[in-house]
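1. Give me a 3D structure for the following:
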Amino acid sequence: MLASALLALSLASAAEPPAIDAAPRRAIWISLADKAVPKGGVRPEHTPLEPRALARRAQRRTASGLVDARDLPIDPARVASILSTGATYRAQSRWLNGVSVEASDAELRRIMRLPFVRTAWNLHHTIKGAELPEPPLDAEGSVAGGDYGYMQAQLGQIAIPSLHARGLHGEGMVIGVLDTGFRQVHEAFHSAEHPLEVIAQWDFVSNDGNTDIEANDHPEQHKHGTWILGTLGAFKPGAAVGSAYGARFVLAKTEVYATETVVEEDYYVAGLEFIEAHGADLATSSLGYIDWYAPSDLDGETAITTIAVNIATANGLVCLTAAGNQGHDSDPATNRLLAPADAFSVIACGAADVNGATASFTSDGPSADGRVKPEVMACGVAVASVHSTNTTGYQAVSGTSLSTPLVAGAAALVLQARPDYGVASLRTALFETASGFLANGTHDPLFIRGYGVIDARAAALRGRAPEDLDLDGDVSAADLARLLAAWGPCADPDPLTGACPADFDGDGSVGASDLARLLAAW
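-> Here you go, the predicted structure:
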């Protein structure tokens, strides 16, 4: 279903649909008749899915089969017929079987006469104005300490360094990011040891392969996405080390700066399909939509982006999104969420400060149908990232937009450690090891904090013995080798912020008593 604010124009209404408004051209969503299914059914070779996407689906998909009609490409002849009316192409969705165009009233009338067109919707337009996604704070690089530099505290809070110490940096994982664009020239993206690796990218706004800032872009267009990518993929020891710097990335530029339009949801859906088809393990978005929805629409099955996220998670793609910066109150019957935070299996992320206190701006739930939203939290106040314009600078930024990639990076490391996790089991591991659940055995009754601040180490260790250093489910020679390699004083004995997972007895060094524990657990 689309939002009730959208104007549906049914084929059944008339051969000559009425003009939508006085503007000469406007964004229109065209819903198409069912695709032609190949004889014998849909097979992987009929789809644009990369082998890695098929492998991930085989491991984690919960929908029946490996592929279905939603994966079939839209017939190019249908798209060509729509564009032959004079309409301008914007985006398309295999999953939702539709095409987004810009068209005049006359062009729309010609489109509606095409035999394969079912319905059309006017995509309303509003202006963001001064309401920016996440305004930067005055402080730049205000958090310091250790090889993680400005990122030390925000990563230590969710136990990322402890997983790094186990050799988990995101290797073998592919993370998709949907945002405003990505400036990739910063020094922290070009280290000799761990340069940023982007395996695919697409600008769905300009319909080209450049997700960086372009000639016709607003000068602020790239900033938000660059901050998000920095929290994940930066690598500059002593200044900034991202949570999943060893991962590879798929980038989708789907958001238009300074305006808020329904067509951005179309770009979002196309971007999510792009990420899923390229075999990503996770997709993270620090974007959200509410202007054309009411809180009652956030029921898990109304918003366009929410529907797409439901399809993506059923395909085994872990999805994370920001809850929003709309604020909260003490009334559990109201919500200030943004779509697609209401999707059924998305991980909706709220924001705390580095001490775990609730951020004043973080949006509350529950979803309209009463589900826990947001579910988890990470630091979203003065989060350190790369500077969006100074290629050697760093800055602090606030918002659930920043807590979300921190959770996403943690989820990538947990999934790297625990390939046995699917979407549901990863969610459970993150929720049931979070601070609020450990303290109270349930979620926040006010639906502000969800299950609390995550603990990546605990989520990865869930169901594993502490002595199982490689988390493969067996204490064996590989774990012994890791312990012996770490023998001696710990560089940093703090089990959350430090690098000493073999220090089982917590005495600040790896020694005979730790060896005895490992052998006893063999």
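2. residue contacts, Cys379?
-> Ala153, Gln154, Gln157, Ile158, Ala351, Ala352, Asp353, Val354, Leu402, Ser403, Leu406 (CB atoms under 8 Å, 6 or more residues apart in numbering). Just so you know, the C-beta spots here come from the backbone N, C-alpha and C atoms, and that holds for glycine as well.
3. 10 Å instead?
-> By CB atoms under 10 Å, 6 or more residues apart in numbering, Cys379 lies in contact with 143, 151, 153-158, 231, 351-356, 359, 398, 402-403, 406-407, 453.
4. for Ile275, same thing?
-> 53, 174-178, 200, 202, 249-252, 282-285, 312, 317, 319.
5. if you set the cut-off to 8 Å instead, what comes out?
-> Here Ile275 is in contact with Gly176, Leu178, Val250, Ala252, Ala283, Leu317 (CB under 8 Å, 6+ apart).
6. Name the nearest residue to Gly356, ignoring sequence neighbours.
-> Val453 (5.3 Å; CB to CB, 6 or more residues apart in numbering).
7. and Ser330, how many neighbours does it have?
-> 9 (other CB atoms under 10 Å).
8. Kindly apply the preceding question to Leu518 instead.
-> Leu518 sits with 23 neighbouring residues when counted by other CB under 10 Å.
9. What strand or helix carries it?
-> Assigned by DSSP states H and E, Leu518 belongs to helix 512-520.
10. So among the contacts of Cys379, which ones count as buried?
-> 143, 151, 153-158, 231, 351-354, 359, 398, 402-403, 406-407, 453 (16 or more other CB atoms under 10 Å).
11. hmm, back to that, so which of the contacts of Cys379 sit within helices?
-> In helices, judged by DSSP state H, the following of the contacts of Cys379 are found: Ala153, Gln154, Leu155, Gly156, Thr231, Leu402, Ser403, Leu406, Val407.
12. can you put these in CSV and add pLDDT and distance to Glu375?
-> Shown next, in CSV, are the ones in helices among the contacts of Cys379 (pLDDT from 0 to 100; distance: CB to CB, whole Å):
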residue, pLDDT, distance to Glu375
Ala153, 93, 23
Gln154, 96, 19
Leu155, 95, 20
Gly156, 93, 22
Thr231, 98, 19
Leu402, 97, 17
Ser403, 97, 12
Leu406, 98, 14
Val407, 98, 9
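13. Export stretch 514-522 to PDB, keeping only CA atoms.
-> Presented in PDB, the C-alpha positions along stretch 514-522 are these (Å, rounded to 0.1, in the frame of the first residue of the first chain):
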ATOM      1  CA  ASP A 514      44.600 -18.600  31.300                       C
ATOM      2  CA  LEU A 515      46.300 -21.600  29.600                       C
ATOM      3  CA  ALA A 516      44.900 -23.900  32.300                       C
ATOM      4  CA  ARG A 517      41.400 -22.500  31.700                       C
ATOM      5  CA  LEU A 518      41.600 -23.100  27.900                       C
ATOM      6  CA  LEU A 519      42.900 -26.600  28.400                       C
ATOM      7  CA  ALA A 520      40.100 -27.400  30.800                       C
ATOM      8  CA  ALA A 521      37.600 -26.200  28.200                       C
ATOM      9  CA  TRP A 522      39.300 -28.200  25.400                       C
END
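14. Averaged pLDDT, it. What do you get?
-> For stretch 514-522, mean pLDDT rounds to 91.
15. got the buried residues for it?
-> Buried residues in stretch 514-522, counted by 16+ other CB under 10 Å: Asp514, Leu515, Arg517, Leu518.
16. What of stretch 277-291?
-> 277-290.
17. ok so, going back, run through the bridge partners of the residue nearest to Gly356.
-> Met377 (DSSP bridges).
18. so it makes contact with Glu375?
-> No: taking CB atoms under 8 Å as the definition, Val453 is not a contact partner of Glu375, at 11.6 Å.
19. Any chance you could list what contacts the one helix or strand Val250 maps to?
-> Assigned by DSSP H and E, Val250 falls within strand 248-253. Contacts of strand 248-253 with the rest of the structure, by CB under 8 Å, 6+ apart, involve 173-182, 196-206, 211, 225, 229, 232-233, 270-272, 274-275, 278, 280.
20. any chance you could map the helices in the stretch 351-500 of the chain?
-> 400-417, 423-432, 435-440, 456-461, 477-485 (DSSP state H, counting those that start in this stretch).
21. now the stretch 1-150 of the chain
-> 51-60, 76-83, 105-112.
22. between the second one and helix 105-112, how many degrees?
-> Regarding helix 76-83 and helix 105-112, their directions subtend 150 degrees when assessed with axes from the mean of the first three to the mean of the last three CA atoms, to 10 degrees.
23. And the contacts of helix 76-83?
-> Taking CB under 8 Å, 6+ apart as the rule, helix 76-83 contacts Ile30, Leu32, Tyr89, Gln92, Val99, Val101, Ile111, Leu114, Phe116, Val117.
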